[in-house]
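1. Give me a 3D structure for the following:
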Amino acid sequence: YVLKDTTAPSFVNGAAGGDLSWRNSSGTLHNVDAQDTGGSRLSVYQFSVTTGAARTGTMPVDWTPIASGLNASSYAADWALPQAAWDLLPEGTNYVSVRAWDIAGTTGTLIDAFRIFKDTTPPSASSAQAGEFDWRGLNTGLYDADFTDSGGALLQKFQVRASTTPGAGPYSPDWTDNTLGLNAASYAADWAFAAGVWDGLYDSATSYISLRVFDNAGSSFTLTGAFRVLKDTTPAAITDNQAGDDNWRSAAGTLYNVDLADNGSRVSSAAYASWTQAAKGGSQSLAWTQLFASTGLLSYITDWSADFNNAAQGFNYLTVRAWDKAGNLSELVDAFYLKKDTAAPSMTDLQGGDTTWYRINPGNVFNVDFADSGIGLSSAAYEAWTGPGKNGNNVAASSQIFSGAPAASYTADWGPTDNAFALLAAGTNYISVAAWDALNQSSAAVDLFYILKDTVPPSSVATLSAATPPAAADEGRLNVYWTAVGDNALAGPASYYM
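-> Take a look at the predicted model:
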């Protein structure tokens, strides 16, 4: 008998269109099967590579067996280029063709069954970022580190790793994607940290940055110590050692104990302001006033004074702010309060000149009120003079109206004691008043009112006569006659007779 087979082997190309991924090493399996339907069965399965399509360009790999001595109707196993063949491929695009022989000697060829994109040249990175010297509290930095890829695969992404020790761990973050999808031969734009990178950096520390760039073939390059970053997102600490100055102050000079510290970028400045009520309530009594400015202090523990002269009367609630060199701001509301009292007590004269003449002490009938909005009233006193403006005789020296624990006001009517009234001169007595607060600040008012005193009776009647009226119409009446008597020239003639 005669065995006839004139049908060439054929192929089932599961890699049609080519392998579109860039490769930096051998070992990739390709799904191109060979089969023989003529009956004689396959004998040899081969591949070759050219640098141009349709078997053009150079042939870095001539026909090389995939399998030999098959004696099978098909070859369906996926296969890879041997390492020796892979090593011969130039970088760039390589076109792979296959051919198969059957036992009858007939051959079939599939030109450009697929492509291999080879790139074994790693990308590169360079840094023109010398390293920052300014602390950052926000992720606002732009960094001048560039990346290139010359092997053809193009850049894929770059990663960042940071450590507080140059060239060594521990790392925070460890390799973390920063920028993806580059797909370009170079990337020269200044760039910022991705949020995940920035958040992973140690706070209040200097981080030394390394970079790792990948191309689309999977090759990478690492640039260690590309630059450094100084990160500090923690505001300065404000330590309130001043519970609140409970002493009323009438003069400047008090020092307050509020300390500042920052272990990261250091304290750069501090300021204070005050309000008349707690929690920044009321009106602002002191504008923001700088305590100091510095190139960076680990701590500031010097006691300091506030602007007493411009503070409001009464309570001033001080709020303190501190900044560090990274620009972080901390604020302590109502760190303490300052109690200012430089105002003397006030007097409200509700007592006009009393036109009533007094023979005996009228008691507490005089209405002059006192008030003090600061530390409070401690005492008040009056004195009496026979002439206005503290002229004449000082008939009643300083006599106390009240004294005691500090009080905001005194509104009770008051008057001289019996002993003091006895000292008043006959006639007009001009009353001057002084008041003191608990800081011994005083106010005085001259001639607030006067007291009219007359304890001398009129003169007796010396001449007295009576007569019957001559007219008949006045029958039954008696006319009495006397000479008007005088007084002691204080209240005038007698006002009535009995």
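2. which residues of this structure score low on pLDDT?
-> Counting by pLDDT under 70, the chain has low-confidence residues at 17-18, 353, 459-462, 471-476, 480-498.
3. Would you mind naming the residues that bridge with the residue nearest the centre of it?
-> In the chain, the centroid-proximal residue (C-alpha atoms, centre = their mean) is L329; its distance is 3.9 Å. With DSSP bridges applied, the residues forming beta bridges to L329 are W323.
4. Give me the phi and psi angles of W198.
-> Torsion angles at W198 (phi, psi; degrees, to the nearest 10) stand at phi -60, psi -50.
5. so where do the strands sit in the stretch 1-150 of the chain?
-> Secondary structure of the stretch 1-150 of the chain (DSSP state E, counting those that start in this stretch): strands at 10-13, 22-23, 32-35, 42-50, 61-72, 74-75, 92-102, 107-118, 124-127, 135-136, 145-148.
6. what's the neighbour count on E331?
-> Around E331 there are 12 other residues, counting by other C-beta atoms under 10 Å. The C-beta positions use only the backbone N, C-alpha and C, and glycine is treated the same way.
7. ok so, going back, ok, now which ones touch the residue nearest to the centre of the chain?
-> Neighbour list for L329: P235, R321, A322, W323 [criterion: C-beta atoms under 8 Å, 6 or more residues apart in numbering].
8. Run through the residues that contact the nearest residue in space to P170 that is not next to it in sequence.
-> Distances taken as C-beta to C-beta, 6 or more residues apart in numbering place S163 nearest to P170, at 6.7 Å, with adjacent residues excluded. Residues in contact with S163, defined by C-beta under 8 Å, 6+ apart, are G169, P170, Y171, S172, S207, Y208, S210.
9. can we see that at 7 Å?
-> Neighbouring residues of S163 by C-beta atoms under 7 Å, 6 or more residues apart in numbering: G169, P170, Y171, S207, Y208.
10. now swap in Y143 and tell me
-> Contacts of Y143 by C-beta under 7 Å, 6+ apart are Q129, D190, W191, F227.
11. Which residue is the nearest non-sequential neighbour of the first one?
-> Spatial nearest neighbour of Q129, excluding adjacent residues (C-beta to C-beta, 6+ apart): F227 at 3.9 Å.
12. Just read off the phi/psi values of that neighbour.
-> F227 has phi and psi values of phi -170, psi -180 when expressed as degrees, to the nearest 10.
13. Which strand residues bridge it?
-> I209.
14. Give me the neighbour count for it.
-> Quick note: F227 (other C-beta under 10 Å) scores 20 neighbours.
15. now do W275
-> W275: 22 surrounding residues under other C-beta under 10 Å.
16. repeat for S48
-> Neighbour count for S48, taken as other C-beta under 10 Å: 19.
17. At which residues are the helices of the chain located?
-> 83-88, 195-200, 418-423 (DSSP state H).
18. and those, which is most packed in?
-> When the helices of the chain are scored by mean count of other C-beta atoms under 10 Å, the highest mean neighbour count falls to helix 195-200 (a mean of 16).
19. This completes my enquiry, with thanks.
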